[in-house]
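**Q** What follows is a protein structure lacking sequence information:
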């Protein structure tokens with residue numbers, strides 16, 4: 001793997017080409033004469049980007065060793081047989097804050113960096129002036145470089161086309177480059193050019209491409225990159241898809257305020273720790289449910305479409321508000337009181353909205369089934385909805401204004417069944433009247449539990465499948481349970497005798 005610079009012309013009239021490699025070496029060639037001029041090793045690992053300054057007097061490099069280096073081509077005093085010997089001298093090396101995974105020079109003074117923990121940052125660089133951050137995106141919540149997942153790493157950066165890249169007939173707007181002023185001390189102010197592009201594209205290890213836009217924080221006055229949309233790659237598989245009715249999930253009256261809002265959204269669970277939300281059409285996403293420490297396996301939506309539950313290989317169940325797409329509660333992970341001790345493989349909410357009861361059932365590879373009481377969480381969602389309505393109603397509301405999110409609470413299940421199956425629980429489903437819960441597992445058994453007073457009582461175990469059960473579902477009238485199995489059959493079970 002190697003990286004090339006755009007050609008530059010030096011004071012001797014030579015067309016220079018710089019080549020960097022994974023070992024941190026850089027070599028300068030005379031492109032027209034096809035001769036090697038000089039080489040050096042400014043980095044200890046991969047060089048991510050190379051650029052010449054405006055008059056090609058200096059060569060800039062950025063590497064995965066977190067260093068920005070400045071070099072110049074110098075003539076040595078010793079006379080060699082072939083003439084004056086030239087060397088590539090390292091004049092400056094600056095360590096940047098970010099753990100670099102890729103880099104891109106937009107100009108001779110503007111460097112964009114992608115990091116291992118999913119951050120994009122822009123730096124003002126110069127041969128002699130201080131190297132300073134102009135703007136940076138927010139780090140994903142709960143992520144640091146020690147526990148950053150590989151799929152978060154930014155692998156490549158790209159810029160949109162500018163007018164200089166297009167023909168005269170193309171109608172392409174070129175962003176202006178005003179000046180950023182930052183206080184250096186009480187008497188002095190530093191000036192840096194704003195990034196020339198208002199959009200920065202980043203591709204990550206999860207095969208997703210995100211578009212970051214400039215935004216000025218109205219409170220701190222600091223500038224930052226904000227992820228606006230993502231074109232999502234599904235790694236190698238899609239594990240679950242759920243539909244969300246936005247007319248039900250969004251606060252009353254908000255759909256009327258936003259006539260262009262999609263009527264439906266898709267919740268996509270992939271081979272990832274993150275869950276993406278997509279509008280009714282297209283593959284552009286601007287919403288990410290991020291927080292799980294393991295791959296998410298399953299998701300379900302409450303009957304009123306106001307809460308989403310997700311289960312993961314990190315052994316937790318997490319609950320999210322669809323009004324703000326933020327986490328509002330999670331199952332405890334304390335070893336002594338953990339709801340599950342293995343992958344959470346299936347989830348389902350009760351169906352009746354008018355009953356005032358909202359329960360969520362979870363099944364796990366640990367053979368256990370747990371019941372979560374979500375009634376209090378619905379009251380929390382209503383408070384969040386009110387903030388969303390008030391924010392939309394403010395004509396002077398600034399972009400980027402935030403909602404006061406309450407602290408995420410750790411929940412414990414109100415009841416459950418230990419060893420509900422002899423092996424992993426693969427699926428479960430509440431009946432339409434919420435009176436029964438059916439479960440299926442690796443043990444080839446379909447079990448039916450009676451839900452009385454928020455407690456489960458086993459009613460029956462039905463055997464007949466020759467392999468594990470993948471799906472169970474009640475008929476609309478609660479009289480029949482359907483089950484699908486890896487043995488290639490679907491079986492219907494009568495509940496008339498219950």
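**A** Good, I have the coordinates. None of these values were measured; they are calculated from a predicted model.
**Q** residues contacting residue 298?
**A** 239, 240, 269, 310, 311, 344, 345, 346, 347 (CB atoms under 8 Å, 6 or more residues apart in numbering). No exception for glycine: its C-beta is placed from N, CA and C like everyone else's.
**Q** try 6 Å
**A** By CB atoms under 6 Å, 6 or more residues apart in numbering, the contact list for residue 298 reads 240, 311, 346, 347.
**Q** go on, residue 310?
**A** Counted by CB under 6 Å, 6+ apart, residue 310 has contacts 275, 296, 299, 318.
**Q** Need the worst-confidence member of these.
**A** Within the contacts of residue 310, residue 275 has the lowest pLDDT, namely 89.
**Q** rewinding a little: could I get the contacts of residue 310 as JSON lines with neighbour count, secondary structure and distance to residue 153?
**A** JSON lines is the format used below for the contacts of residue 310 (neighbours: other CB atoms under 10 Å; DSSP: H, G, I helix; E, B strand; the rest coil; distance: CB to CB, whole Å):
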{"residue": "275", "neighbour count": "26", "secondary structure": "strand", "distance to residue 153": "19"}
{"residue": "296", "neighbour count": "24", "secondary structure": "strand", "distance to residue 153": "19"}
{"residue": "299", "neighbour count": "22", "secondary structure": "strand", "distance to residue 153": "25"}
{"residue": "318", "neighbour count": "24", "secondary structure": "strand", "distance to residue 153": "23"}
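**Q** Return the closest of these with respect to residue 224.
**A** The closest of those to residue 224 turns out to be residue 275 (CB to CB; 23.9 Å).
**Q** The residue lying closest to that closest one once chain neighbours are set aside and residue 439: what is the separation?
**A** Using CB to CB, 6 or more residues apart in numbering and skipping the chain neighbours, the partner closest in space to residue 275 is residue 289 (4.0 Å). Taking CB to CB, to the nearest Å as the measure, residue 289 and residue 439 are separated by 26 Å.
**Q** buried residues in stretch 207-214?
**A** 207, 208, 209, 210, 211, 212, 214 (16 or more other CB atoms under 10 Å).
**Q** how would you label the fourth one: helix, strand or coil?
**A** Right, residue 210. Per DSSP: H, G, I helix; E, B strand; the rest coil, the local secondary structure of residue 210 is strand.
**Q** Report the separation between it and residue 267.
**A** Residue 210 is 19 Å from residue 267, by CB to CB.
**Q** again, but for the first one
**A** The gap separating residue 207 from residue 267 is 19 Å, by CB to CB.
**Q** again with the second one
**A** Plainly put, residue 208 is 16 Å away from residue 267 if you go by CB to CB.
**Q** Run a quick neighbour tally on residue 237.
**A** A total of 9 residues lie near residue 237 under the criterion other CB atoms under 10 Å.
**Q** list the contacts for it?
**A** Applying CB under 6 Å, 6+ apart to residue 237 gives the contacts residue 271.
**Q** What pLDDT is listed against it?
**A** 76.
**Q** Can you list the low-confidence ranges for the stretch 301-450 of the chain?
**A** Residue ranges of the stretch 301-450 of the chain with pLDDT under 70: 333-338, 355, 376-406.
**Q** how about the helices in it?
**A** With DSSP state H, counting those that start in this stretch as the criterion, the stretch 301-450 of the chain has helices at 375-393.
**Q** again, but for the stretch 151-300 of the chain
**A** 246-249, 254-257.
**Q** Ranked by average pLDDT, which of the ones you listed falls at the bottom?
**A** The lowest average pLDDT among these, as it happens, falls on helix 254-257, at a mean of 48.
**Q** circling back to that earlier point, ok, the residue nearest to residue 275 to residue 207 distance?
**A** Residue 289 is 18 Å from residue 207, by CB to CB.
**Q** What of residue 352?
**A** Counting by CB to CB - residue 352 and residue 207 are separated by 40 Å.
**Q** Spit out the contact partners of residue 33.
**A** Applying CB under 6 Å, 6+ apart, no residues contact residue 33.
**Q** Helix or strand: which one has it?
**A** Taking DSSP states H and E as the definition, residue 33 sits outside all helices and strands.
**Q** Got the confidence number for it?
**A** 88.
**Q** do the same with residue 276
**A** Taking residue 276 on its own, its pLDDT is 86.
**Q** Can you tell me how far it is from residue 161?
**A** 27 Å.
**Q** now swap in residue 73 and tell me
**A** For residue 73, the distance to residue 161 - CB to CB - is 32 Å.
**Q** Those two: which has the busier surroundings?
**A** More crowded of residue 73 and residue 161, by other CB under 10 Å: residue 73, with 21 against 11.
**Q** show me what contacts the more buried one?
**A** Per CB under 6 Å, 6+ apart, neighbours of residue 73: 38, 86, 88.
**Q** What residues are bridge-paired with it?
**A** Beta bridges link residue 73 to residue 88 when assigned by DSSP bridges.
**Q** Need the pLDDT of it.
**A** Looking at residue 73, the pLDDT reads 89.
**Q** Relative to residue 119, how far out is it?
**A** Distance from residue 73 to residue 119, by CB to CB: 34 Å.
**Q** of residue 289 and residue 439, who's got more company?
**A** Set residue 289 next to residue 439 and count neighbours by other CB under 10 Å: residue 439 wins out with 27 against 21.
**Q** where does the closest residue to the more buried one other than its chain neighbours sit relative to residue 485, distance-wise?
**A** Taking CB to CB, 6+ apart, and ignoring the residues beside it in sequence, residue 439 has residue 428 as its nearest neighbour in space, at 4.4 Å. Residue 428 is 15 Å from residue 485, where distance means CB to CB.
**Q** Counting neighbours, go ahead and name the busier of those two.
**A** Here residue 428 and residue 485 are compared on neighbour count by other CB under 10 Å; more neighbours surround residue 428, at 24 against 20.
**Q** who's in contact with the more buried one?
**A** 346, 348, 361, 363, 439.
**Q** I'd like those residues as CSV, with distance to residue 325 appended.
**A** Formatted as CSV, these follow (distance: CB to CB, whole Å):
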residue, distance to residue 325
346, 23
348, 21
361, 23
363, 25
439, 30
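**Q** Neighbour-wise, which one of those residues leads?
**A** Busiest of the contacts of residue 428 [other CB under 10 Å] is residue 363, holding 31 neighbours.
**Q** who does that one bridge with?
**A** Under the criterion used (DSSP bridges), residue 363 bridges to residue 346, residue 369.
**Q** Correct me if wrong: it contacts residue 424.
**A** No - checked against CB atoms under 6 Å, the pair residue 363 and residue 424 is beyond contact range at 8.2 Å.
**Q** how far away is the nearest residue to residue 52 once chain neighbours are set aside from residue 62?
**A** Nearest non-adjacent residue to residue 52, counting by CB to CB, 6+ apart: residue 8, 3.4 Å away. Remark: distance between residue 8 and residue 62 (CB to CB) = 16 Å.
**Q** Which one's more surrounded, these two?
**A** residue 62 (30 against 23).
**Q** and the residue lying closest to the more buried one once chain neighbours are set aside, helix, strand or coil?
**A** The spatial neighbour of residue 62 that comes closest, neighbours along the chain excluded (CB to CB, 6+ apart), is residue 103 at 3.9 Å. Following three-state DSSP, the label given to residue 103 is strand.
**Q** for residue 103, what are its contacts?
**A** 48, 49, 62, 113.
**Q** pLDDT score assigned to it?
**A** 94.
**Q** For it, give the beta-bridge partners.
**A** residue 113.
**Q** is it true that the residue nearest to residue 275 touches residue 320?
**A** Yes - under the criterion of CB under 6 Å, residue 289 makes contact with residue 320 at 5.5 Å.
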